[in-house]
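A.B. asks: okay, sequence plus prediction incoming.
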Amino acid sequence: MISNDVEIYDKIFLSYGKILNRLNNENITKKNGSKIVEEDLRRAIQIMLEKHPTCRWRSERMMSKRFYILIEGYSWLLKVYFQKEKTMIDADIEFFLDRISQYEEVLKIEQRKNLWKQEMTINELMKYFNKAVVTVKEGIAKMIKEGMSEYKYYKNGKTIIKVEGVEWLCKNIFKQKYLDLLEQYKMELTEEYIEAGYSYDDFFWKN
């Protein structure tokens, strides 16, 4: 039993050395084609932790005084940080959409949570996206240019953006907000997953 537990643990938590070996064995390189070294990996992990602090992808220091990375964190490094085909934000969004879909499948969630629930004024959009008024208006102008003029209307002298417009702005202009919403939802599903009797450390995702 102890042997099995150790084997499972070794598959779930990866040391920095094991991650580096995996990346090099799979011929994963930096964008310039050069080999990934420990310094590159440590920088990548630091960025991972800064971008997704709620995901708990790095363990606390163990008795060996080493950090270990959860297999899901390794998957993020592989599919987001070290991939070369997409921008990092697009790869990040795709990663979380994939994770959400897999959680929903396991939890048998048939209808995805609606991430956008209310229409907003310009001032509300400024707070929502944490952007200056000129930036928000530029985003709305791009939305209109793309043929989405029906998402905007006026009421009592104020510009109102419909729920569909807020969603469009998230997905196409202010993608960091979209990513934040996806991460929040993914972590809600993580808690549901644990409450359903599963362990967060169970690895059911595709590597």
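C.D. replies: Noted; the coordinates are in hand.

A.B. asks: show me the chain divided up by domain.
C.D. replies: 1-84, 120-172 (automatic domain parsing).

A.B. asks: and these as TSV, adding mean pLDDT and distance to residue 197?
C.D. replies: To be clear about C-beta, it is placed using only N, CA and C from the backbone, and glycine gets the same treatment. Shown next, in TSV, are the domains of the chain (pLDDT from 0 to 100; distance: least, Cβ to Cβ, whole Å):
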stretch	mean pLDDT	distance to residue 197
domain 1-84	85	17
domain 120-172	97	33
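
A.B. asks: closest to residue 106 out of these?
C.D. replies: Ranking the domains of the chain by their distance to residue 106 (criterion: Cβ to Cβ) puts domain 1-84 first, at 13.8 Å.

A.B. asks: so what's the gap between the closest one and the chain middle?
C.D. replies: Using Cα atoms, centre = their mean, to the nearest Å, the mean C-alpha position of domain 1-84 is found 16 Å from that of the whole chain.

A.B. asks: what does stretch 77-94 give?
C.D. replies: Offset of stretch 77-94 from its chain centre (Cα atoms, centre = their mean): 10 Å.

A.B. asks: please apply the same query to stretch 167-178.
C.D. replies: In this view, stretch 167-178 has its centroid 13 Å away from the chain centroid, taken as Cα atoms, centre = their mean.

A.B. asks: circling back to that earlier point, residue 104: which of the domains of the chain is closest?
C.D. replies: Closest among these, once you apply Cβ to Cβ, is domain 1-84, at 15.9 Å.

A.B. asks: now the domains of the chain as JSON lines including distance to residue 196 and mean neighbour count?
C.D. replies: Shown next, in JSON lines, are those (distance: least, Cβ to Cβ, whole Å; neighbours: other Cβ atoms under 10 Å):
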{"stretch": "domain 1-84", "distance to residue 196": "17", "mean neighbour count": "14"}
{"stretch": "domain 120-172", "distance to residue 196": "29", "mean neighbour count": "15"}
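
A.B. asks: looking at the ones you listed, which is nearest to residue 192?
C.D. replies: domain 1-84 (15.0 Å).

A.B. asks: find the centremost residue of the chain, please.
C.D. replies: For the chain, residue 96 is the residue whose C-alpha lies nearest the centre (Cα atoms, centre = their mean; 4.3 Å).

A.B. asks: contacting residues for the nearest residue in space to it that is not next to it in sequence?
C.D. replies: Distance criterion Cβ to Cβ, 6 or more residues apart in numbering; nearest residue to residue 96, sequence neighbours excluded, is residue 182 at 4.0 Å. Contacts for residue 182 (Cβ atoms under 8 Å, 6 or more residues apart in numbering) come out as 93, 96-97, 100, 115.
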